[in-house]
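Student: just a sequence and a predicted model for now, questions to come.
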Amino acid sequence: MNAALLQATPSVVLPAPCPVITSERLMLRPHRLEDATAIAESLSDFKVARMLARVPQPYHRQDALDWLVSHASGALPDWMLAITAGDDRHIGMVSLESRPTRFGSNTWRLGYWLNRNHWDLGYMTEAVAATLEQFFRYLPDATISSGAFADNLASLNIQKKLGFRIVDANQVFSLARNRMVPHVETLLVPEDFHPTAAIRP
Ligand SMILES: CC(C)(COP(=O)(O)OP(=O)(O)OC[C@H]1O[C@@H](n2cnc3c(N)ncnc32)[C@H](O)[C@@H]1OP(=O)(O)O)[C@@H](O)C(=O)NCCC(=O)NCCS
């Protein structure tokens with residue numbers, strides 16, 4: 001490798017490998033191929049998929065298997081955490097994906113979704129808070145980018161409670177809706193992160 005190429009390579013600061021994280025009601029763990037059936041059940045629900053950019057409809061077990069092999073095998077530095085609630089069954093996920101910026105540095109992108117049977121219990125606030133708390137232990141200076149479709153008030157509420165700020169608005173293509181959808185970009189800096197205030201007592 002020549003010197004010019006070395007200089008152009010973004011420096012990626014890595015966290016630890018995808019961990020197991022325990023919160024009050026949940027256990028988050030790395031994914032397994034056996035999660036494919038549960039993932040397909042969750043993501044074949046249009047009410048879940050419509051809020052995500054990259055999930056097609058219909059969604060089959062094979063789509064889940066393809067995703068597990070390419071994204072959740074542990075080969076990447078990304079954290080792809082399966083959410084479970086006491087019985088080890090996959091009910092959702094939280095992801096932190098490393099993304100190079102055009103300035104040669106690195107940012108982390110937060111994503112998440114939950115099976116509809118488990119909505120409105122405060123689970124995702126708890127899961128994301130626990131994940132970020134653990135993540136900042138490894139990378140205390142990291143900034144986390146995220147976002148949501150503008151009609152996703154539950155998701156924007158979670159992010160606001162945790163300390164994310166809205167930084168931009170754009171249009172993002174949703175595979176499930178098959179159209180461009182108004183989208184809000186958000187950013188979290190470590191000093192704004194307040195997990196305990198976000199979680200319901
Ligand atoms: C968004 C999603 C993850 C939320 O999961 P959840 O476990 O139900 O979320 P929580 O219960 O932790 O928190 C939701 C918060 O939004 C609030 N909320 C829910 N629906 C709302 C609405 N229509 N308008 C405003 N606030 C709303 C809830 O009251 C709660 O706030 P509170 O704890 O202060 O009362 C879940 O609905 C989901 O998976 N949706 C589909 C996929 C998705 O949207 N992923 C995120 C993409 S950015």
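Tutor: That came through fine.
Student: quick check: the gap between A64 and L43.
Tutor: Going from A64 to L43 by C-beta to C-beta, to the nearest Å gives 7 Å. Any C-beta I mention is one placed from the backbone N, CA and C, and that applies to glycine too.
Student: get me the contact residues on this structure for the ligand.
Tutor: Contacts of the chain with the ligand, taken as C-beta under 6 Å from any ligand atom, map to 48, 51-52, 112-114, 119-125, 148, 152-155, 157-158, 200.
Student: in strands, which of those appear?
Tutor: 112-114, 148 (DSSP state E).
Student: can I get those in TSV including pLDDT and neighbour count?
Tutor: Formatted as TSV, those follow (pLDDT from 0 to 100; neighbours: other C-beta atoms under 10 Å):
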residue	pLDDT	neighbour count
Y112	98	21
W113	98	22
L114	98	20
A148	98	24
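Student: closest to T101 out of the residues you listed?
Tutor: Nearest to T101 among those, counting by C-beta to C-beta, is A148 at 20.6 Å.
Student: wait, that closest one sits on N157?
Tutor: No. Distance between A148 and N157: 9.4 Å, which falls outside the contact criterion (C-beta atoms under 8 Å).
Student: re the thing from before, need the buried ones from the residues of the chain next to the ligand selected in PyMOL.
Tutor: The buried subset of the residues of the chain next to the ligand, as determined by 16 or more other C-beta atoms under 10 Å, is captured in PyMOL by this line:
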select buried, resi 48+51+52+112+113+114+122+123+124+125+148+152+155+158
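Student: now, which of the residues of the chain next to the ligand lie within helices?
Tutor: Of those, the ones assigned to helices by DSSP state H are 48, 123-125, 153-155, 157-158.
Student: in the chain, which spans are strands?
Tutor: Under the criterion DSSP E, strands of the chain are mapped to 21-22, 27-30, 79-84, 92-100, 106-114, 144-149, 165-174, 179-188.
Student: outside of the shortest one itself, list whatever touches it.
Tutor: Spelled out, it's strand 21-22. Residues outside strand 21-22 that contact it (C-beta atoms under 8 Å, 6 or more residues apart in numbering): 27-29, 81, 130-131, 134.
Student: each with direction, which strands does it pair with?
Tutor: strand 27-30 (antiparallel) (DSSP bridges).
Student: same question, the last one
Tutor: The sheet places strand 179-188 alongside strand 144-149 (antiparallel), strand 165-174 (antiparallel), with pairing taken from DSSP bridges.
Student: of these, which stretch is the most buried?
Tutor: Per residue and on average, the most neighbours among the strands paired with strand 179-188 fall to strand 144-149, with a mean of 22 (mean count of other C-beta atoms under 10 Å).
Student: and the angle for it with strand 92-100?
Tutor: Computed by axes from the mean of the first three to the mean of the last three C-alpha atoms, to 10 degrees, the angle separating strand 144-149 from strand 92-100 equals 120 degrees.
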